[in-house]
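Asks: Have a look; sequence and predicted model below, questions after that.
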Amino acid sequence: MRLARLATATCLVALAGCGSGGSGTVSPGAQSSTGTPSSTPSTYRSPPASLPVSPVDLSTAQPPWLPPAVIDQGKNSAAYVQAAGLPYGEEMLSVHYHAHLDLNVDGKAVPVPPYVGYITDGTKALGLAPLHTHNSDGVIHIENSVPATFVLGQFFIEWGVRLTSDCVGGLCNGNGKELAFFVNGKRFTGDPSRIVLTKHEEITIEYGDTGKLPSPPSSYGFSGGE
């Protein structure tokens with residue numbers, strides 16, 4: 001099971017003791033978790049009509065942003081997965097596909113970190129949501145027991161970052177800056193939190209000077225088997 005990666009990952013060991021001070025994120029709220037994985041996670045099929053489903057603090061800071069799994073020893077990581085309306089437990093591979101997220105600020109890439117969607121206690125992984133990341137390559141893993149619908153807003157809640165039409169974290173429209181969303185190279189003008197994650201989809205978020213955003217990629221080169 002890929003959860004075992006977490007216990008030995010040097011990156012996580014280095015970050016697990018970090019609080020919000022150096023992370024560029026807002027500290028998670030007072031909501032606490034049980035610290036144990038769900039033994040019989042409910043079958044997930046579709047996102048709730050309103051997100052988040054429970055109150056959590058979402059970062060309004062500038063990037064980069066660490067995921068809850070590596071902030072304060074992961075004590076609030078379960079709360080963020082639950083706020084995204086997702087179950088967690090062992091990795092499920094009956095349904096398994098990938099999408100990709102690029103986030104660029106003034107032409108420079110912002111890392112999409114590993115361990116989004118992980119439930120942790122220090123460096124120990126206790127569970128995994130069906131929507132998660134394993135590496136810092138921007139690949140979003142969608143792994144579930146049955147076919148289901150997942151949306152970008154759920155991923156950003158798991159990440160602990162604000163996502164609206166006007167702002168991603170502290171990156172907001174206005175004052176000479178423009179925030180734009182693209183799906184497979186085409187501009188998306190609706191609510192970005194409701195973008196449905198599909199197989200081999202390329203989602204790009206560009207932030208920069210108004211009217212001077214670069215052309216987004218229309219696809220991502222997934223490795224063999226992804």
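Replies: Now that the structure is in, tell me what you want to look at.
Asks: Select the helix or strand of the protein having the lowest average pLDDT value.
Replies: One helix or strand of the chain scores below all others by mean pLDDT, DSSP states H and E: helix 10-15, with a mean of 38.
Asks: and the residue nearest to residue 191 when sequence neighbours are not counted, what pLDDT?
Replies: In space, and not counting its chain neighbours, residue 191 is closest to residue 165: 6.1 Å by Cβ to Cβ, 6 or more residues apart in numbering. Backbone N, C-alpha and C define where each C-beta goes, glycine included. The predicted structure scores residue 165 at 98 on the pLDDT scale.
Asks: Also residue 28?
Replies: 31.
Asks: Specify the beta-bridge partners of residue 204.
Replies: Beta-bridge pairing for residue 204 (DSSP bridges): residue 102, residue 182.
Asks: isn't it right up against residue 186?
Replies: No - counting by Cβ atoms under 8 Å, no contact exists between residue 204 and residue 186, whose distance comes to 10.0 Å.
Asks: quick one: which of these two has more around it?
Replies: Using other Cβ atoms under 10 Å, the more surrounded residue of residue 204 and residue 186 is residue 204, with 26 against 11.
Asks: List the residues that contact the more buried one.
Replies: Taking Cβ atoms under 8 Å, 6 or more residues apart in numbering as the definition of contact, the neighbours of residue 204 are 101-104, 181-183, 185, 216-217.
Asks: Residue 116 now?
Replies: Under the criterion of Cβ under 8 Å, 6+ apart, the contact partners of residue 116 comprise 67, 69, 132-133, 155, 158-159.
Asks: which one of those is nearest residue 90?
Replies: Proximity of the contacts of residue 116 to residue 90 (Cβ to Cβ) peaks at residue 132, which lies at 12.3 Å.
Asks: gap between the nearest residue to that closest one once chain neighbours are set aside and residue 128?
Replies: Nearest in space to residue 132, with sequence neighbours left out and distances taken as Cβ to Cβ, 6+ apart, is residue 117 at 2.9 Å. Plainly put, residue 117 is 6 Å away from residue 128 if you go by Cβ to Cβ, to the nearest Å.
Asks: what does residue 144 give?
Replies: Taking Cβ to Cβ as the measure, residue 144 falls 11 Å from residue 128.
Asks: got it, and residue 207?
Replies: According to Cβ to Cβ, residue 207 and residue 128 sit 30 Å apart.
Asks: and for residue 117 and residue 128, which residues touch both?
Replies: Between them, residue 117 and residue 128 have residue 88 as joint contacts when contacts are counted by Cβ under 8 Å, 6+ apart.
Asks: would you put the C-alpha positions of whichever strand or helix holds residue 158 in CSV?
Replies: Under DSSP states H and E, the secondary-structure element containing residue 158 is helix 152-159. C-alpha atoms of helix 152-159 as CSV (Å, rounded to 0.1, in the frame of the first residue of the first chain):
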residue,chain,number,x,y,z
LEU,A,152,-11.5,20.8,-8.0
GLY,A,153,-13.0,22.5,-4.9
GLN,A,154,-12.7,19.3,-2.9
PHE,A,155,-9.1,19.1,-3.8
PHE,A,156,-8.4,22.6,-2.6
ILE,A,157,-10.2,22.1,0.6
GLU,A,158,-8.1,19.0,1.3
TRP,A,159,-5.1,21.2,0.5
